[in-house]
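A.B. asks: based on what follows, work out the 3D shape:
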Amino acid sequence: SRVLILPAVGFIFLYSFLPHKELRFIIYTFPVFNIVAAKGCSRILNNYKKSWLYKLGSFFVVVHLLANAAYSGVSLYVSHFNYPGGVAMQKLHQSVPPSTYVSVHIDAAAAQTGVSRFLEVNPNWKYDKREDLSPGDQLMFSYTHILMEADPVQVLHYKTTHRILAHIAGTTGITLNFTALPPFTLNLKSKLILLEKRPTSGP
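C.D. replies: All right, here's what the predicted structure looks like:
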């Protein structure tokens, strides 16, 4: 265990001297700590018959694993709502036939919350992330679809030219509620709006 953990601790120690700190700098050490922790848990479980301390330790190991699994499941569910841009892209591809001509503008709010080139699955569609356009600019009306932040003031620019194809929700936080199961409430709010150009709209 020492052979594994000492280099990882040393790595974190050296990085701690950097003025700019981010979790991604040391996340590579997490698997090493997991291996050491797993080895310790295995030793406790294999010796649970030897004494009451091992029995107590085994109990906490099992509880820890169950709590970890529950926390991971909840985190996975909540994290799904942290990427409304990715959900919006899925809705676009589900709602519009692949053979349809599509030119979609993706604003910064969408691009920063899950939109990536991996989701640009239709080679015949045009996906545009240019940032030199503002809501209401004349060129914006040339797009068949617009994926933008759910700002009512900005959406008003397209009231007569586009219709709302989908609202995409995102999380704004979690509220604990111990009277219900699960004991928390996920607070959601419309984060993005997917607009589709009306057939009668001009170029």
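A.B. asks: from Arg24, how far off is Ala37?
C.D. replies: 21 Å (Cβ to Cβ, to the nearest Å). From N, CA and C alone the C-beta is placed, and that goes for glycine too.
A.B. asks: of those two, who's got more company?
C.D. replies: Ala37 (14 against 6; other Cβ atoms under 10 Å).
A.B. asks: may I see the buried residues of the strand or helix carrying the more buried one?
C.D. replies: Using DSSP states H and E, Ala37 maps to helix 30-46. By 16 or more other Cβ atoms under 10 Å, the buried positions in helix 30-46 come out as Val32, Val36, Cys41, Ile44.
A.B. asks: closest to Phe141 among those residues?
C.D. replies: Val32 (54.3 Å; Cβ to Cβ).
A.B. asks: quick one on the thing from earlier: and the helix or strand following the helix holding Ala37, what's its mean pLDDT?
C.D. replies: Going down the chain from helix 30-46, the next helix or strand is helix 52-79, by DSSP H and E. What helix 52-79 shows for mean pLDDT is 90.
A.B. asks: quick check: angle from helix 52-79 to helix 30-46?
C.D. replies: 140 degrees (axes from the mean of the first three to the mean of the last three Cα atoms, to 10 degrees).
A.B. asks: please name the nearest non-neighbouring residue to Lys49.
C.D. replies: Using Cβ to Cβ, 6 or more residues apart in numbering and skipping residues adjacent in sequence, the residue nearest Lys49 is Lys55, 7.9 Å away.
A.B. asks: that's all I had, so thanks and see you.
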